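Asks: Below are the sequence and a predicted model for it; my questions follow.
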Amino acid sequence: MSLGRSGELFPLAVALRGLQQRFADAVIDADRGSLREHLVVVPAARLREVANALQNEWGGTLVTAFALDEREPHGRFRMHLLFSMAPEDAVLTLIAAVPGDDPRYPAITPAVPAAHWLEREMRDLMGVIPDGHPDPRPLVAHDGWPRGAHPLRKDFVPPAEWSWAPRFGFTPVEGDGVFEIPVGPIHAGVIEPGHFRFSTVGEAILKLDVKLGWKYRGLETLAQGQPIQRGLELAERTCGLCAFSHALAFSQAVEESGGVLAPQRARAIRSLAAELERLYNHAGDIAGILTDVAYTVGASEGLRIKEVLQQVNDALFGHRFLRGVCVPGGVARDLDDGQQHWLRLVLHEVRADLEALVRTASANAAVMDRLNGTGTLSAAIARDLGVVGPAARAAGIARDARRDHPCAFYRDLDFRVVTRTAGDVFARFEVKAEEIHESLNIIDQMLLHLPGGPLAAPLGAIPAGAAGLSMVESPRGLLTHWLRAGERGTIDAWRVRSASHANWPAVALAVLDNIVPDFPLINKSFNLCYACVDR
Amino acid sequence: MWRIIGDALKQGVVTGKAGASLPPELAPAQREPEAAHEALGQALRAEIQRVFRRSFKLRHVDCGSCNGCESELQALLNPFYDLQRFGIDFVASPRHADALIVTGPPTRHLVEALRLTDEATPRPRMIVAIGDCACHGGFCAGSFATLEGVHEVVPVDLRIPGCPPRPAAIIRGLLSALGRSAPGAMVSGSARV
């Protein structure tokens, strides 16, 4: 195990000791929540201070934050701030109570910028107000939402009359020759809706305002009080392209809340399917980057490989997006010896084809001219914003949930966390290309000795109030699902944070000083989803 | 450049070639049943041929799908399906479009955008709902933040259900609507142009 930023072998112990000493007057309670998660209760008024120390002195990284409505019967909102203590497989969760009748607390964003969108979202969906947050605008809510409509509150009743018309406040940029370009929500290509407001001088981008929330379907509200099975359906459809990762994260959260461990063979097939998902996503991303630099030959080849990989998913698991493979307790699909053999043959070809594609593209001066030095994201900004996945690794931050918080079979697998330091489009291109190799290697390892045994463990009754946290490295980065069970096998509360949610604020910074025509390319190199951000 | 041309010659034509079908001795995974296509498509065939004179340009409008339907629509343009060879293509503006391809339940946030896009499309135009969400709200049905089908906002001419519909199913739906091909002609890769 490598050393943490604080130079200690066990960052969690250091942080806990530090918290107890420095904030002896603030720590109300500290206890182990699960094998991985430690819970520390602090007053909401001290949250910012504690979070600041946890991040800047003891090496914690904010991975998600959410609020729960506990006004009935406790008269409070409960906030959870989850900090990853990587490289140790541990999570330190700060918990604070916010009074139900006056839900305000000092915002932590000024100290922990990674909380920026999370706090805005809490304000919209739960009505918990972060005082002193630098951005007072709504995030998910569009401005037509009536005052007091907070869909995640337990007593939320959708008003009959609801104006959803968008009227946004954008930050104006003024000066000689400043020009504003509004784009979206309906874009020119076959892509998801978002609104982008560029302020430019000539071709250079001075500022980019991103307005998402268009695809808000209210999934977390929809899940409340529903059976687990319905939750799985919602989870798999939160995001089309990370469907398996979402199903895996949801299933593991359910398993943790019920104290169940999926059997070995199930965990192995889960790792294998997760890598198949990463493969077709990364192949698609490489094709997308090449499309946006008008390198049509390479783009077509990349799209062909992606199609082959999706047909592999279809032939083996019955779904091009790997839905219906992962279920709480285990997996619903098996691979027999013949299928395993065939998969190895197909992937052998895929590896050679992808290698040739990346080699040809990287040798093309016109391609390299567009990729090199475009859309640079610095390590400092990436760290501050809590960027995850290939985008973080391309900026030199070796974060990978498969290694830091291993689930499924990853603890027993041998793979490299690919990093680059440049942080530009080419770095993200290279990271994805090399991760394809790592994924193929992982699948090879799994196919060498797929463990035997049952496909699923019986789930049993989940005690009401039991909670589960699950962290999965989706193709786009860290994905967290948190779930609390309700009465009789229902979902009391379910919270999702996808990798795209963490990375969108970074896109707005990576494009600065680039030219407008490079925006699609930069955007594609991050390739973020909209659906799982808006939910 | 010569290397690229050489590679392309070596690669050959991939269009419609099943890239990843299991060998016959292996049982394929049980697939989810492909939902039956709307008989409406057949009825529209003659009408569209008359109105659009066989040129068929699509404008995609995402109204809150999970991105699965978008991915399958994009797949239509990959070398395997290569939709453009049928004279069908996606265009960048509704003003150039004969048909709107709508995905998503739609979400309330996008209702106005859908309405405006529809207004910007010259008449006559066709509206195709793709995916279960667009057809009837799909898995989102019951949410306060979504409607239950695109038809609640704009009149729908053709529905192609599925979650998401496979690219072949989308092509079958579109082609049967256009009268280019009988349903079922594409899937095996034996499509005639």
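Replies: Here it is on my side, so go on.

Asks: Tell me how many other residues crowd residue B:56.
Replies: Using other CB atoms under 10 Å in any protein chain shown, residue B:56 has 22 neighbouring residues. Every C-beta, even on glycine, is put in place using the N, C-alpha and C of the backbone.

Asks: Find the nearest non-adjacent residue to it, please.
Replies: residue B:88 (4.8 Å; CB to CB, 6 or more residues apart in numbering or on different chains).

Asks: tell me the contacts of that neighbour?
Replies: Applying CB atoms under 8 Å, 6 or more residues apart in numbering or on different chains to residue B:88 gives the contacts B:56-58, B:174, B:178.

Asks: Pick out the lowest-pLDDT one from these.
Replies: On pLDDT alone, residue B:178 ranks lowest of the contacts of residue B:88, at 66.

Asks: Point out where the chain drops to low pLDDT.
Replies: By default, I'm working from chain A. A:1-9, A:161-168 (pLDDT under 70).

Asks: that's the wrong chain, I meant chain B
Replies: B:14-55, B:86, B:176-193.

Asks: Which residue is the nearest non-sequential neighbour of the one residue in it that gets nearest to chain A?
Replies: Nearest residue of chain B to chain A: residue B:68, at 2.9 Å (CB to the nearest CB). Counting by CB to CB, 6+ apart, residue B:68 lies nearest to residue A:240, which is 2.9 Å off, once chain neighbours are set aside.

Asks: Equivalent analysis for residue A:258, please.
Replies: residue A:462 (4.1 Å).

Asks: quick one: that neighbour from chain B, how far?
Replies: Here the criterion is CB to the nearest CB, to the nearest Å. By it, residue A:462 lies 22 Å from chain B.

Asks: My guess is that residue contacts residue A:253. True?
Replies: No. When contacts are counted by CB atoms under 8 Å, residue A:462 is not listed as touching residue A:253 (10.7 Å).

Asks: So for these two, which sits in the more crowded spot?
Replies: More crowded of residue A:462 and residue A:253, by other CB under 10 Å: residue A:253, with 29 against 25.

Asks: all strands of chain B, in order?
Replies: Assigned by DSSP state E, the strands in chain B fall at B:56-62, B:88-90, B:99-103, B:126-130, B:158-160.

Asks: Using JSON lines, lay out those together with distance to residue A:183.
Replies: Listed next are those as JSON lines, based on distance: least, CB to CB, whole Å:
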{"stretch": "strand B:56-62", "distance to residue A:183": "14"}
{"stretch": "strand B:88-90", "distance to residue A:183": "17"}
{"stretch": "strand B:99-103", "distance to residue A:183": "19"}
{"stretch": "strand B:126-130", "distance to residue A:183": "23"}
{"stretch": "strand B:158-160", "distance to residue A:183": "28"}
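
Asks: quick revisit: contacting residues around the residue nearest to residue A:258?
Replies: A:228, A:254, A:257-258, A:485, A:489.

Asks: The same query, at a cut-off of 6 Å, please.
Replies: A:257-258, A:485 (CB atoms under 6 Å, 6 or more residues apart in numbering or on different chains).

Asks: wait, which of these is closest to chain B?
Replies: Using CB to the nearest CB, those come closest to chain B at residue A:485, 21.2 Å.

Asks: hang on, the closest one packs against residue A:255?
Replies: No. Look at residue A:485 against residue A:255 with CB atoms under 6 Å: they stay out of range, at 11.4 Å.
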